[in-house]
Structure formats: structure tokens, C-alpha cells
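[1] Predicted structure and sequence below. I'll ask about it afterward.
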Number of protein chains: 2
Amino acid sequence: MRLLIVEDEPNLGQQLRNTLEGAGYAVDLATDGEDGHFLGATESYDAVVLDLGLPTIDGLTVLDRWRKEGRSFPVLVLTARDSWSDKVAGLDAGADDYLAKPFQSEELIARLRALIRRASGNASSELTAGDVRLDTRSGKVTLGGDPVKLTAQEYKLLSYLLHHKGKVVSRTELIEHIYDQDFDRDSNTIEVFVTRIRKKLGADVITTIRGLGYSLDEPGR
Amino acid sequence: MRLLIVEDEPNLGQQLRNTLEGAGYAVDLATDGEDGHFLGATESYDAVVLDLGLPTIDGLTVLDRWRKEGRSFPVLVLTARDSWSDKVAGLDAGADDYLAKPFQSEELIARLRALIRRASGNASSELTAGDVRLDTRSGKVTLGGDPVKLTAQEYKLLSYLLHHKGKVVSRTELIEHIYDQDFDRDSNTIEVFVTRIRKKLGADVITTIRGLGYSLDEPGR
DNA sequence: AGCCCCATGCGCCTGCTGATCGTCGAGGAT
DNA sequence: ATCCTCGACGATCAGCAGGCGCATGGGGCT
């Protein structure tokens, strides 16, 4: 999963980045409204953390523009404490959740997880396909009840596929959502991780659609 | 399905081509208005992606000419952000949809899919004929509920026939819409793929109309 | 030490070709 | 009118080449 943080205060921004990368997300960071808007418009994010007080363009304006342009990723707005007017305005502009500053990183992570889950149409925090079960809260994966140890990248890949169960996911799309901005687009890393996941969870979990990408399906009887 | 991209900026053009070919379309690319107009007037496309700012002839002029010449393919116009005058002018000239630059590739694909679907008069993203069901979103085909594995070309051919259900489709037409510009016109590839599809989905799905082409019909009893 | 990424070589599948066989229909002879 | 013959078109098959995805090992970084 890949996130965009729009935060002008350098310390807080860097701290957010560290926290969220530590939680297993690929993170892009924008430090002003214009840059933030551009990134959100061009790149593919699974969620956005947006501070309101920003240079060049105000946070609410950025959000408003995204929505008018049809961007539908979930947005979590950071507000100053007790700033009710901000909350109302944010709601109108299409924000999905709020967090008052200061806040604890655990809470931010939990809320983002919920946002991403809801955006993919999943009610529960557990994603399953056949015998495979992934708990997004604890970050643990089991196969038929037995715990399986996945590395960070393996987990990210599997998680993205589970969030888009049934859909065909191209290699490009995977790269876009698992890595952040600067990454060499043509390499066979994705294939390598698919291979490794198959080794740990069984070859039939991930289906290859030649020329198009991969797909993770509920095993038809 | 075959697309025409008219885009003067080389990088963006090539990137578009890659994205759309990755999504399973046959793609022709024109880099200026004159070339673009010529291709659109002479070749057969299922949809066109048209940038407005073009050398030699302006994009709107190209669109206008096509419409005056009776070309009816759906056209998606790429506009600069917030350029309302362009939108209005484009609407007058007969554009079918807009996308503001910059944009995300997934959105472009989704919109093109919708355009092509609407152009063929289908309301749903699912195409059916008898027991055969094709979902254009997930790219999957089922026969009486059971999933069927089709190769890329088989899928393209079936998809085109389903989009033109009931109509007689000549071999030339199939070649024009499944392959891009440079393709050896006299070969029996189409027949080969028809054979293979029949093997997988049953011989009666595709009817042969001798001397004219093929037709895919709802099995009327 | 573990994990991630890249490079290389291999093997299978796909897509295309060319050849052969089958089928349909028109026209002529009976 | 019926049957036969012939020609054209379509179906099918086997074979080939190229491409794509897979596996593996090594190097670099944490």
C-alpha cells in the first residue's frame, strides 16, 4: 500500500514518513499544497494524509480539487485540536476521517488501516482467500490455521492482491502501489516475490494471466 | 479493440501506448494533428484519445473534421487542468468524454472501457451470449458459471464479437480491430483463433456465414 | 545474518505459418 | 429434376520461433 503525506512542517513530515514506512507502507511526502496536489493527481495512492495549513495552496482547496477531478482515494485530514470549523469544511470537501493534532502514531496507523480496508470494500480487518488468511491489524498470515512467516515485501504484495481479490492486477499497478516514487520500473522483482509467496503458501494462490498480470481468486470448487 | 492516440509530447505518447497495450488494446500513435486526422479518417478505431494542443492542426479542428466526415467513434479528449473553454469547445465539436491532465492511468483505462461499452450499446460491463459470460472489468470469461482460460488473442476476438452481438463481422473487420496498423492482412490467424475459441466454449457459439464472416448470436431456439 | 534487488539462463506457452482436409454451392450433363 | 463434378472457401493440425514468466544465485544494503 502506498501513501501520500502532505505536511509542510519538516519535522512532523519526516516523523510521519518514518512511522508509516515502519508500518509497512510506501510513502511519498509533499511539503506544500501545489506539490501535494500534483502528486495526488498523477500518482496512484491507496490513502492520503493531508494537513490543512499549507503554503501555496490551502489543504482544503487541494482536497476539493482532487474530488472535482475525480480522485477517489480516502483522505485523512489532520486538524488542529478542537477546530470544528475545519472539520465541517473538510467534510464538505470530501474528507474521510480526521485526526486532531497532536496524536499518537498508533492511532494514525489504525485509522489509515481502516480507511484502506473500507475503500477496498472489505468489512473485516481479516482478508481471506481459500486457506490463506491475512490479519491487517496484527500483520500476520496463516495458512489453514498455521502461521506463516512472510518478509515485508512479500506481505505488501499479498496484501495488495487480497485487497483487490478477483481483479486482474498488472505488474505496473503492483509496482506503483508497493513502491514509492523513485523506483526502477523494469525489473523482475515482482515475479521474484510472487514466486516466493507461492513457495510459502502454495502455487495455486496466485494465478498468472499471461500478458496482463496476476490475480488472486477464491478457489472455485 | 483498437485505439488511436493523438499526442504530440513523445514521452507521454509512448507512456500512453504502453499502458493501453498493457491493458490489451491494439494501439496506433499519431504525433501531430495531420497524421492523427488521416489515421482516424482511414483506419477503423473503437475509440480515440485526443490531446488538444497539437502541431500542424489543432485537436479540436481534427475532431470537428472527423465528425463532419461522419466518423462516429467515441473520442476522449485530454485537456489541461481547469481549462473550461476547452471543455465547452470540445463538447461542441463532439467529444464524448474528458480527462484533465495530469491523470492516472487506471482512470484512463476505466473511462475508455466505459466509452467503448456505451458505443456498442451495452449498459453493463458484462457481455453474455447463451452460457458464455465475459466481464470486461475483470477480464474473465465463464461458461455456464465455470471459469474458462482464454489467451490474450482469444479474449480480444471473443470480446469484439460480443460487443457486436448479432451483427455479421467480416474477417477484415476483425483483423482491423484486433491488430494495429502494421499487420499482414492475408493470413488465416483469425480462423485459427475461432477454432480455438470453439474448442473451449463449444462449436455453436460462433456461427460462420460463408463468404461474409462470423456472427455471434443469442441462441434463439 | 537476513532481506531485497538484479542478472542470467531455462522452459513453456502463445501466436503465427503452411499444408491438408472437409464442406458448401454453382453449374452442367444426364 | 437429380446427380455429379469442380472450385472456392473454411476448418483443423502440426510445427516453429519468439516472448514471457520462472527459478536460481550473487551482490549490496540494512
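    Sure thing, it's come through. Numbering: from 1, shown residues only, chains lettered A, B, ... in the order given.

[2] interface residues of chain A facing DNA strand C?
    Where proximity means CB under 7 Å from any atom of the strand, the interface of chain A facing DNA strand C comprises A:149, A:151-154, A:179, A:184, A:187-189, A:192, A:210-211. For every residue, glycine as well, the C-beta is placed using N, CA and C.

[3] Which ones among those residues lie within helices?
    With DSSP state H as the criterion, helices contain A:152-154, A:189, A:192 from among those.

[4] Which one of the residues you listed sits in the busiest neighbourhood?
    Within these, most neighbours by other CB atoms under 10 Å in any protein chain shown means residue A:154, with 20 neighbours.

[5] okay if I get the residues of chain A next to DNA strand C as JSON lines plus pLDDT and distance to chain B?
    Conversion of these to JSON lines gives the following (pLDDT from 0 to 100; distance: CB to the nearest CB, whole Å):
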{"residue": "A:149", "pLDDT": "92", "distance to chain B": "31"}
{"residue": "A:151", "pLDDT": "93", "distance to chain B": "27"}
{"residue": "A:152", "pLDDT": "92", "distance to chain B": "25"}
{"residue": "A:153", "pLDDT": "93", "distance to chain B": "22"}
{"residue": "A:154", "pLDDT": "94", "distance to chain B": "24"}
{"residue": "A:179", "pLDDT": "89", "distance to chain B": "16"}
{"residue": "A:184", "pLDDT": "69", "distance to chain B": "15"}
{"residue": "A:187", "pLDDT": "83", "distance to chain B": "16"}
{"residue": "A:188", "pLDDT": "89", "distance to chain B": "16"}
{"residue": "A:189", "pLDDT": "92", "distance to chain B": "17"}
{"residue": "A:192", "pLDDT": "94", "distance to chain B": "20"}
{"residue": "A:210", "pLDDT": "87", "distance to chain B": "7"}
{"residue": "A:211", "pLDDT": "85", "distance to chain B": "5"}
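
[6] near DNA strand D too, which of those residues?
    Among the residues of chain A next to DNA strand C, the residues within reach of DNA strand D (CB under 7 Å from any atom of the strand) are A:188, A:192, A:210-211.

[7] which stretches of chain A form helices?
    In chain A, helices defined by DSSP H lie at A:10-22, A:33-42, A:59-68, A:84-93, A:105-119, A:152-163, A:171-178, A:189-201, listed in chain order.

[8] Tell me the buried residues in the last one?
    By neighbour count, and taking 16 or more other CB atoms under 10 Å in any protein chain shown as the criterion, the buried residues in helix A:189-201 are A:189-190, A:193-194, A:197, A:200-201.

[9] before we move on, the earlier item: go through the helices of chain A and find the least confident stretch.
    Comparing mean pLDDT across the helices of chain A, the lowest value falls on helix A:84-93: a mean of 68.

[10] Skipping its backbone neighbours, what lies nearest the closest residue to chain B within chain A in space?
    Proximity to chain B, evaluated over chain A using CB to the nearest CB, is greatest for residue A:42 at 4.1 Å. Nearest in space to residue A:42, with sequence neighbours left out and distances taken as CB to CB, 6 or more residues apart in numbering or on different chains, is residue B:102 at 4.1 Å.

[11] Residue A:41 is in contact with the one you found, correct?
    Yes. Under the criterion of CB atoms under 8 Å, residue B:102 lies in contact with residue A:41, with a separation of 5.2 Å.

[12] Looking at those two, which is more packed in?
    Regarding residue B:102 and residue A:41, a neighbour count based on other CB under 10 Å identifies residue A:41 as having more, with 19 against 16.

[13] wait, the more buried one sits on residue A:66?
    Yes. Under the criterion of CB under 8 Å, residue A:41 lies in contact with residue A:66, with a separation of 6.9 Å.

[14] interface residues of chain A facing DNA strand D?
    Residues of chain A lying near DNA strand D by CB under 7 Å from any atom of the strand: A:171, A:188, A:191-192, A:194-195, A:198, A:203, A:208, A:210-213.

[15] can I get the CA coordinates of stretch A:116-136 in PDB?
    Extracted in PDB, the C-alpha atoms of stretch A:116-136 (Å, rounded to 0.1, in the frame of the first residue of the first chain):
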ATOM      1  CA  ILE A 116      -7.800   1.500   3.200                       C
ATOM      2  CA  ARG A 117      -9.900  -1.500   4.200                       C
ATOM      3  CA  ARG A 118     -13.200   0.300   3.700                       C
ATOM      4  CA  ALA A 119     -12.000   1.700   0.400                       C
ATOM      5  CA  SER A 120     -11.400  -1.800  -0.900                       C
ATOM      6  CA  GLY A 121     -14.900  -2.800   0.100                       C
ATOM      7  CA  ASN A 122     -13.900  -5.100   2.900                       C
ATOM      8  CA  ALA A 123     -15.900  -5.000   6.100                       C
ATOM      9  CA  SER A 124     -13.500  -7.000   8.300                       C
ATOM     10  CA  SER A 125      -9.800  -6.500   9.000                       C
ATOM     11  CA  GLU A 126      -9.200 -10.100   8.000                       C
ATOM     12  CA  LEU A 127      -8.700 -10.800   4.400                       C
ATOM     13  CA  THR A 128      -9.000 -14.400   3.200                       C
ATOM     14  CA  ALA A 129      -8.700 -16.400   0.100                       C
ATOM     15  CA  GLY A 130      -9.100 -20.200   0.400                       C
ATOM     16  CA  ASP A 131      -6.900 -21.400   3.200                       C
ATOM     17  CA  VAL A 132      -4.900 -18.100   3.300                       C
ATOM     18  CA  ARG A 133      -5.900 -15.600   6.000                       C
ATOM     19  CA  LEU A 134      -4.300 -12.200   6.500                       C
ATOM     20  CA  ASP A 135      -5.000 -10.100   9.500                       C
ATOM     21  CA  THR A 136      -4.300  -6.400   8.700                       C
END
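
[16] Flag every buried residue along it.
    By neighbour count on 16+ other CB under 10 Å, the buried set for stretch A:116-136 is A:116-117, A:120, A:122, A:127, A:129, A:132-134, A:136.

[17] do you know how far residue A:208 is from residue A:216?
    Spatial separation of residue A:208 from residue A:216 under the definition CB to CB, to the nearest Å is 11 Å.

[18] gap between the closest residue to DNA strand D within chain A and residue A:217?
    Distance from DNA strand D to each residue of chain A (CB to the nearest atom of the strand) is smallest for residue A:195, at 3.3 Å. Between residue A:195 and residue A:217 the distance is 18 Å, computed by CB to CB.

[19] gap between stretch A:1-16 and the chain center?
    In terms of CA atoms, centre = their mean, to the nearest Å, the centre of stretch A:1-16 is set 14 Å apart from its chain centre.
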